[in-house]
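Undergrad: sequence and computational prediction follow.
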Amino acid sequence: MVLHAVKWFGHHFRNRDMNKYNKSFLAGVILLLGCSEPQVPTTAMPSTPRDSSVKTYTAEQFYLTTSYRMSSAAGFGFSADSSRVLVSSDATGVFNAYALNVAGGVPEPLTASTVDSTFAVTYFPRDDRVLLTADQGGNELIPLYVRELDGTTTDLTP
C-alpha cells in the first residue's frame, strides 16, 4: 500500500514544483501509511477443552518460588574434595551463595546479603575458598570477591 501511495504522489507531483510543503505532506502521508496495521484475515480458532491434568498456579504462588543457579555449567563449582557444589539462590529474597552437599541436605549459606545479589563463581582448586560476584545496588558493575576460609570477603576488583 505504501508503494502505491509513493507511485501516485510521485506521478502527481512529477510535473509540479516540489516545494517544502509538498515534500513534508508526502513524507507525512508515507509515514502514516507505513504505520498502519496490516490487514490479516482472521480465522476462528477451534475451541479446545482445557486439560484438567495440567496444574496451574496463581501469580502469588509463582513469585513465592525459590530459584537456584549453578555457579558453572562446566562443573567448575565443585569443591576441591568434590563433596560440595556451589549454587546461588534467592531463598532469602536476595540472591546469595550457598554450598550444597552432593549427598543432600540443607544448603550451607556462604553469604548473607540482604541488599545486593551475590553469586557464586567457583571454588579455588586446592581449598574451600570461593570466588563471588556481587551487584552493588544495581549499578551493574560486578566486582569479584574472594571468600576466605574464615568467611571474610576481600574485593579483588581494582
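TA: Looks like it arrived, so ask away. Numbers count the residues shown, from 1 in each chain.
Undergrad: now the helices for the protein?
TA: With DSSP state H, the ranges of helices along the chain come out as 2-13, 20-34, 59-63.
Undergrad: first-to-last residue distance for stretch 132-146?
TA: 6 Å (CA to CA, to the nearest Å).
Undergrad: so for it, what gets flagged as buried?
TA: Of all the residues in stretch 132-146, those buried under the rule 16 or more other CB atoms under 10 Å are 132, 133, 134, 135, 145. Where C-beta positions appear, they are placed from N, C-alpha and C, glycine not excepted.
Undergrad: quick one: contacts for the second one?
TA: Okay, so that is residue 133. 118, 119, 121, 142, 143, 144, 145 (CB atoms under 8 Å, 6 or more residues apart in numbering).
Undergrad: so what's it bridging to?
TA: With DSSP bridges as the criterion, residue 133 is bridged to residue 119, residue 144.
Undergrad: remind me which residues of this structure are low pLDDT?
TA: By pLDDT under 70, the low-scoring segments of the chain are 1-51, 72-75.
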